[in-house]
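# Based on what follows, work out the 3D shape:
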Amino acid sequence: MSEGVRIIRIQQPEYLDVLALRNEVLRKPLGLNIYHENLDHELDAQIFIYQTEGKVVGCLLLFPEAPQVVRFKQMAVAPAYQGRGIGRALIKAAEDFALSKGFSNVYFHARESAIPFYEKMGYSTFSDSFTEVGIPHKKMGRNLAGQAFQLRFEEED
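All right, here's what the predicted structure looks like:
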């Protein structure tokens with residue numbers, strides 16, 4: 001099996017590995033359990049995984065939110081594989097996919113501890129700090145086509 005990024009859906013067997021990775025990296029450290037959450041909305045997700053030696057070691061979920069807007073959620077890289085460019089590869093693959101499908105604006109809620117990583121990837125903060133899953137986050141985003149970043153759908157609600 002080759003190493004690298006590919007896209008799966010929740011119906012595929014690798015999704016169970018994605019859940020285990022997200023639980024280990026994103027939920028357990030906060031005293032939470034992903035298996036107690038309602039994940040029905042993930043039917044709409046494109047799930048980017050990074051595999052090496054047949055093992056899922058990174059993931060990122062992409063959700064279409066509005067015309068030209070996608071949201072990234074639940075990026076996780078196994079601790080033993082952090083610092084190897086896996087997160088960068090996942091984001092690049094998700095950005096390329098979004099552009100190929102006509103989406104140009106990306107946004108997400110970033111844990112404050114991860115903001116420097118996302119800033120290196122060209123993302124900007126556009127909110128004050130807020131609490132999500134018990135820890136501080138900020139909204140971040142960018143326009144992939146080099147234009148002004150806009151989230152029109154939030155203004156319409």
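# so what's Ala145 scoring on pLDDT?
pLDDT for Ala145: 84.
# quick one, strands of this structure?
Assigned by DSSP state E, the chain shows strands spanning 4-8, 46-52, 55-66, 69-77, 105-111, 124-125, 130-132, 135-143.
# Now do the contacts for Lys73.
Shown in contact with Lys73 (C-beta atoms under 8 Å, 6 or more residues apart in numbering): 45, 60-63, 108-109. Yep, even glycine has a C-beta here, placed from its N, CA and C like the rest.
# Pipe those into CSV and attach pLDDT, distance to Ala93 and neighbour count per row.
Formatted as CSV, these follow (pLDDT from 0 to 100; distance: C-beta to C-beta, whole Å; neighbours: other C-beta atoms under 10 Å):
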residue, pLDDT, distance to Ala93, neighbour count
Ala45, 95, 14, 22
Leu60, 98, 8, 26
Leu61, 98, 12, 22
Leu62, 98, 9, 25
Phe63, 96, 15, 16
Phe108, 96, 15, 23
His109, 96, 20, 15
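# coming back round to it: so can I have a markdown table of the strands of the chain showing distance to Gly83?
Output for the strands of the chain, formatted as a markdown table (distance: least, C-beta to C-beta, whole Å):
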| stretch | distance to Gly83 |
| --- | --- |
| strand 4-8 | 17 |
| strand 46-52 | 13 |
| strand 55-66 | 12 |
| strand 69-77 | 9 |
| strand 105-111 | 17 |
| strand 124-125 | 23 |
| strand 130-132 | 25 |
| strand 135-143 | 21 |
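# Which among these is found nearest to Val18?
Closest to Val18 of these, according to C-beta to C-beta: strand 55-66, at 4.7 Å.
# what's the angle between that closest one and strand 105-111?
120 degrees (axes from the mean of the first three to the mean of the last three C-alpha atoms, to 10 degrees).
# partners of strand 55-66, with directions?
strand 46-52 (antiparallel), strand 69-77 (antiparallel) (DSSP bridges).
# Can I get the ones you listed in CSV including distance to Arg27 and mean pLDDT?
Formatted as CSV, these follow (distance: least, C-beta to C-beta, whole Å; pLDDT from 0 to 100):
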stretch, distance to Arg27, mean pLDDT
strand 46-52, 17, 97
strand 69-77, 10, 96
